[in-house]
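Visitor: Dropping the sequence and predicted coords here.
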Amino acid sequence: MTKSQIWVSAFLVLFLALFLLSRLTKEEEVKENTLPVNPMPQTNISSENISVPDMIGRLGCKGCHGAELEGTRMGPQLTGLQQYWSRDELINYLRNPNSYMDKERFAKFKEQFPGVMMPSFNNVDVKDLGKIADYLLSLK
Ligand code: HEC
């Protein structure tokens with residue numbers, strides 16, 4: 001190879017590397033955009049005229065627990081809870097889920113839903129949380 005041929009091929013390699021690099025970073029951007037959005041709950045709702053299922057919808061519970069609360073890969077099902085929770089404990093849990101993380105069932109959830117955390121709803125009126133608890137405990 002002559003000296004100029006070497007230069008040309010060096011430039012070609014550089015060009016290709018830059019091209020691939022830009023492709024890679026672009027793909028990363030796309031991936032970031034398609035990540036499941038953490039449905040940040042709206043916690044300042046008033047329950048005056050809204051049903052409990054609507055409240056559950058507005059608070060973003062369904063984003064993780066499913067439209068029918070049947071569970072998704074972001075959160076467990078919310079049916080059959082009466083075998084694990086009393087009303088008061090459940091209200092407590094919704095206000096401060098972190099304090100229940102060391103329970104045995106929650107160790108399992110941690111493996112099942114890596115990187116997803118049940119948000120605390122301590123800004124929601126306790127009366128509303130009571131209604132939500134009653135509703136959840138009625139789901140068989
Ligand atoms: C960002 C996703 C997400 C949102 C939003 C969310 N949860 Fe959860 N929830 C989880 C995950 C994940 C768990 C499992 C425990 C853990 O890993 O923190 C959980 C656990 C629970 C549990 C305990 C289930 C059991 O079997 O004991 C209840 C009850 C619950 N969520 C109710 C709700 C309610 C009600 C709402 C809305 C007010 C809600 N969650 C919103 C992700 C979410």
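Guide: Arrived safely. Numbering: from 1, shown residues only.

Visitor: gap between the two ends of stretch 81-88?
Guide: End-to-end distance of stretch 81-88 (Cα to Cα, to the nearest Å): 13 Å.

Visitor: tell me the average confidence for it?
Guide: Predicted confidence along stretch 81-88 averages 97 (mean pLDDT).

Visitor: buried ones in it?
Guide: For stretch 81-88, burial by neighbour count (16 or more other Cβ atoms under 10 Å) applies to 81, 85. Backbone N, C-alpha and C define where each C-beta goes, glycine included.

Visitor: That stretch close to the ligand?
Guide: Yes. Part of stretch 81-88 sits near the ligand under the criterion Cβ under 6 Å from any ligand atom, namely 81, 84.

Visitor: Name the residues that touch that stretch?
Guide: Here stretch 81-88 makes contact (Cβ atoms under 8 Å, 6 or more residues apart in numbering) with 90, 93, 105, 130, 133-134, 136-137, 139.

Visitor: same thing but at 7 Å, please
Guide: Contacts to stretch 81-88, defined as Cβ atoms under 7 Å, 6 or more residues apart in numbering, come from residues 90, 93, 105, 133-134, 136-137.

Visitor: what's the burial count for residue 96?
Guide: Other residues lying near residue 96 total 12 when counted by other Cβ atoms under 10 Å.

Visitor: residues in contact with it?
Guide: Residue 96 makes contact with 120, 122, according to Cβ under 7 Å, 6+ apart.

Visitor: And the pLDDT for it?
Guide: In the prediction, the pLDDT value recorded for residue 96 is 97.

Visitor: just the one 10 residues further on next, same as before
Guide: Residue 106 is assigned a pLDDT of 94 by the prediction.

Visitor: ok, it to residue 93 distance?
Guide: In this structure, residue 106 and residue 93 are separated by 10 Å, where distance is defined by Cβ to Cβ, to the nearest Å.

Visitor: what about residue 94, which SS state?
Guide: Look at residue 94: counting by DSSP: H, G, I helix; E, B strand; the rest coil, its state is helix.

Visitor: So it sits against residue 121, correct?
Guide: Yes. With contact defined as Cβ atoms under 7 Å, residue 94 counts as touching residue 121 (4.8 Å).

Visitor: any common contacting residues for the two?
Guide: Shared contacts of residue 94 and residue 121 (Cβ under 7 Å, 6+ apart): residue 129.
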